[in-house]
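Colleague: based on what follows, work out the 3D shape:
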Amino acid sequence: MTLVSSVVHLGATPPLMAFVLRPHSEKSPRHTLLNLKEIPFFTINHVAKSFYKQAHQTSASFPKEISEFNACGLSEEFRSSLSAPYVKESDLQIGLKVKEIFDIPLNKTHFVIGEIIEFFVKDTALMDDGYIDIEAIDSICVSGLDRYHSTKGLARLSYAKPDKEIREIPISGES
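Modeller: Modelled structure (predicted):
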């Protein structure tokens with residue numbers, strides 16, 4: 001387990017997400033990269049205000065034999081047949097299968113693309129139209145390597161089309 005701040009949505013058909021891993025070397029091994037090549041499944045877990053400090057600590061360079069879950073005070077949770085653990089404390093959990101790993105020669109990082117195969121979200125965050133309200137589960141965001149922020153939504157907007165005016169979409173529970 002490691003905290004990554006560079007997660008990106010790549011598309012809906014198929015449902016893809018990706019993230020960037022720091023450079024791997026003999027001197028500075030990236031266990032996450034090695035694990036993904038051995039067992040091609042991973043999870044993305046939203047971080048909430050209640051455990052962001054523990055999540056931040058998972059980015060430390062622990063020896064391979066040390067579980068970041070145990071060292072940082074978080075709990076593993078296994079669901080269905082996915083061989084990668086979820087963070088039990090997270091109210092939004094996404095299970096993915098590795099589809100591609102690209103090495104980026106420019107800075108020796110790695111771009112990992114996964115296909116979403118399952119997700120779990122707390123009922124109070126799932127709206128009738130499928131929208132997930134991340135504020136309802138106290139999700140936080142990060143900028144850079146170390147600055148954490150609360151989220152405050154401005155609005156949901158209609159799908160942009162050249163011949164249609166943008167309209168606000170009400171969020172369940174708001175008037």
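
Colleague: pass me the low-pLDDT residue ranges in this protein, would you?
Modeller: 1, 25-29, 172-175 (pLDDT under 70).

Colleague: now the most far-flung residue of the chain relative to its centre: phi and psi?
Modeller: The outermost residue of the chain, judged against the average C-alpha position, is residue 163 (34.5 Å), by CA atoms, centre = their mean. In terms of degrees, to the nearest 10, the main-chain angles of residue 163 are phi -100, psi 10.

Colleague: the one 3 residues further on too?
Modeller: Residue 166 has phi and psi values of phi -70, psi 140 when expressed as degrees, to the nearest 10.

Colleague: what is the burial count for residue 92?
Modeller: By the measure other CB atoms under 10 Å, the count of residues near residue 92 is 22. Backbone N, C-alpha and C define where each C-beta goes, glycine included.

Colleague: cool, residue 24 as well?
Modeller: By other CB under 10 Å, 17 other residues sit near residue 24.

Colleague: with residue 87 instead?
Modeller: By other CB under 10 Å, the residues close to residue 87 number 25.

Colleague: repeat that for residue 36.
Modeller: 19.

Colleague: state the phi and psi torsions of it.
Modeller: phi -70, psi -30.

Colleague: need the residue closest to the centroid of this structure.
Modeller: Nearest to the mean C-alpha position of the chain, by CA atoms, centre = their mean, lies residue 44 at 3.4 Å.
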